[in-house]
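Trainee: Predicted structure and sequence below. I'll ask about it afterward.
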Amino acid sequence: FQYFLGAATSIATKLHEETMTYLNQGQSYEIKLKKLGDLTEMRGKMLKSTIRIGFQERRLQYMEKEQISQWTRQRPGERILEADVPLSYGVYEVVNAPSKVHFCEFLWDPTKETGVFVRLNCISTEFTPKKHGGEKGVPFRIVIETYSHGEPGPPQKLHSASCQVKVFKPKGADRKHKTDREKMMKRPQSEQEKHQPSYDCTVFTEVTGSPAVPAVAPTPPPPHKAPTSLPSSVVSCSPPDQQPQQQQQPQTRPGSSSYSPGTSAVRGNRKGEWLAVYSSFAGADVLRLTRDDLIQICGLADGIRLYNALHSRNIRPRLTTYICLASEQAVRGRAFSLSGAHAVFRAVYLKNLTVLELLTKLADLCSLSPFSVHEVYIDGPSGIHVLVTDEVVRNMADESMYILELLRGK
């Protein structure tokens with residue numbers, strides 16, 4: 001495994017010492033995850049990774065729980081570490097657990113390009129004894145642990161790596177880099193050669209033996225009740241002139257009812273500290289607030305996030321297909337007919353146009369685990385079975401109708 005943090009290392013780090021990376025508070029940074037080596041056995045499998053932040057100094061490690069609890073009391077509703085889901089790619093089921101403000105977890109496909117954006121909302125000087133200014137901030141350690149997922153038994157830790165960071169107030173990391181460069185340029189050449197150059201990104205160092213930061217176990221996956229080893233086959237037909245109509249739930253915005261979508265958005269976006277402000281607002285009141293109003297009430301960053309959450313729209317799917325389960329038709333004693341008046345179809349929406357996304361949606365329709373479906377086929381000319389790949393999915397006709405049939409593997 002290999003992990004990269006999209007932030008430059010410090011030029012003030014001596015040779016043979018671990019790199020130090022400066023970060024800005026509240027700024028999103030990309031972490032790329034890669035599985036090295038042969039990925040043949042990883043096809044169709046998912047991995048679970050956790051990212052947490054802890055203290056580098058042993059003194060603070062013993063007090064970590066108390067320090068985090070104190071920070072949470074001082075800044076209710078906020079998180080120390082937070083995964084920025086909209087910017088991330090190749091990750092699934094991202095969890096920012098409310099009870100673990102310094103921890104997040106997610107699933108990812110090792111055969112795909114993966115990057116998760118995280119931001120740190122604390123600064124290093126918040127955990128140093130307060131004197132008369134000029135306190136030196138404590139270093140943090142970002143730890144990534146990767147576990148198996150979907151395998152029998154408890155998750156097995158596959159890899160662990162970490163890097164050392166310091167977090168400054170907004171723009172503070174840039175000023176610190178500039179100061180370090182100016183100081184280094186004033187030193188003689190012989191002294192400069194004793195320090196590492198600054199690298200554009202930070203490589204996580206593998207952790208062997210006992211980790212420097214106490215581990216936090218990932219949330220165990222729910223047990224699957226579906227049978228395994230059931231490869232599937234998709235039998236297609238040309239879309240007829242008449243397509244089944246979708247039934248959509250109309251979205252209403254209550255004016256003065258007890259349900260308040262504005263309050264729900266505040267709670268859902270972890271803006272708990274503002275719930276008291278909006279508790280007397282009706283849904284329509286909150287929705288009438290302009291972007292500038294929310295910024296004035298909540299501040300720049302929180303106001304923009306809350307405005308975007310209130311006025312968000314669902315992303316239009318790039319491909320819509322209608323699926324009829326052959327097993328349901330057989331139970332009802334009906335013949336396979338795409339144009340039959342009694343056929344029941346389900347809409348499947350694809351946003352990424354990948355075979356993994358299609359496989360996951362089809363497995364969900366059949367109440368199966370995605371890991372029990374090995375391959376997906378589509379009927380081609382003369383009844384041949386064509387293996388579905390990402391390219392095949394990208395070339396599927398929009399709003400086509402299919403009959404889904406499960407074939408037991410040999």
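Mentor: Ah, there it is.

Trainee: When you work out contacts or count neighbours from here on, use the C-alpha atoms and nothing else.
Mentor: OK.

Trainee: Next, count neighbours for Pro98.
Mentor: When neighbours are counted by other CA atoms under 10 Å, Pro98 registers 13.

Trainee: What score does it have for pLDDT?
Mentor: Turning to Pro98, the model gives it a pLDDT of 84.

Trainee: need the contact list for Ile297.
Mentor: Going by CA atoms under 8 Å, 6 or more residues apart in numbering, Ile297 touches Gly303.

Trainee: How far does the one helix or strand it maps to sit from its chain's centre?
Mentor: Assigned by DSSP states H and E, Ile297 falls within helix 291-298. In terms of CA atoms, centre = their mean, to the nearest Å, the centre of helix 291-298 is found 28 Å from the chain centre.

Trainee: buried set for that helix?
Mentor: Within helix 291-298, the residues that count as buried by 16 or more other CA atoms under 10 Å are Leu294, Ile295, Cys298.

Trainee: Which one of these is nearest to Val167?
Mentor: Cys298 (23.1 Å; CA to CA).

Trainee: I'd like the distance between that closest one and Thr320.
Mentor: Cys298 sits 39 Å away from Thr320, going by CA to CA, to the nearest Å.

Trainee: if you average pLDDT over the helix holding Ile297, what comes out?
Mentor: The model assigns helix 291-298 a mean pLDDT of 75.

Trainee: Give me the helices and strands touching the helix or strand that it is followed by, please.
Mentor: Next along the chain after helix 291-298, taking DSSP H and E as the criterion, comes helix 300-310. On a contact count with 3 or more CA pairs under 8 Å, 6 or more residues apart in numbering; DSSP states H and E, helix 300-310 meets helix 261-268, helix 291-298.

Trainee: buried residues in helix 300-310?
Mentor: Asp302, Gly303, Ile304, Arg305, Leu306, Tyr307, Leu310.

Trainee: Could you list the paired strands of the following helix or strand past that helix along with their orientation?
Mentor: Using DSSP H and E, the helix or strand that follows helix 300-310 towards the C-terminus is strand 319-325. Using DSSP bridges, strand 319-325 pairs in its sheet with strand 346-350 (antiparallel), strand 400-406 (parallel).

Trainee: Not counting its own residues, what contacts the shortest one?
Mentor: This points to strand 346-350. Gln246, Pro317, Arg318, Leu319, Thr320, Thr321, Tyr322, Ile323, Cys324, Glu357, Leu358, Lys361.

Trainee: So this protein: which segments form each domain?
Mentor: 2-206, 232-249+317-406, 261-310 (automatic domain parsing).

Trainee: any idea how far the longest one is from the chain center?
Mentor: So that's domain 2-206. Using CA atoms, centre = their mean, the offset of domain 2-206 from its chain centre is 15 Å.

Trainee: what residues are up against Val386?
Mentor: Tyr377, Ile378, Asp379, Gly380.

Trainee: try it again with 6 Å
Mentor: Listed by CA atoms under 6 Å, 6 or more residues apart in numbering, the contact partners of Val386 are Tyr377, Ile378.

Trainee: Please, which helix or strand holds it?
Mentor: With DSSP H and E as the criterion, the answer for Val386 is strand 385-387.

Trainee: Could you do Leu368 as well?
Mentor: Using DSSP H and E, Leu368 falls outside every helix and strand.

Trainee: How about Leu362?
Mentor: Using DSSP H and E, the element containing Leu362 is helix 355-365.

Trainee: okay, the angle between that helix and strand 319-325?
Mentor: 40 degrees (axes from the mean of the first three to the mean of the last three CA atoms, to 10 degrees).

Trainee: now what about helix 355-365, what contacts it?
Mentor: Pro370, Thr389, Asp390.

Trainee: what are the bridge partners for His195, then?
Mentor: Lys14.

Trainee: Which parts of the stretch 101-250 of the chain are strands?
Mentor: Counting by DSSP state E, counting those that start in this stretch, the stretch 101-250 of the chain has strands at residues 103-108, 114-120, 140-148, 157-168, 202-203, 205-206, 232-237.

Trainee: Go through those and find the least confident stretch.
Mentor: Among these, strand 232-237 carries the lowest mean pLDDT (a mean of 36).

Trainee: tell me which residues of stretch 156-168 are tucked away?
Mentor: In stretch 156-168, counting by 16+ other CA under 10 Å, buried: His159, Ser160, Ala161, Ser162, Cys163, Gln164, Val165, Lys166, Val167, Phe168.

Trainee: which one of those residues sits closest to Glu151?
Mentor: For the buried residues of stretch 156-168, the nearest to Glu151 is His159 (16.2 Å; CA to CA).

Trainee: OK, contacts around the closest one?
Mentor: Glu145, Thr146.

Trainee: now it: how far from Thr50?
Mentor: His159 is 11 Å from Thr50, by CA to CA.
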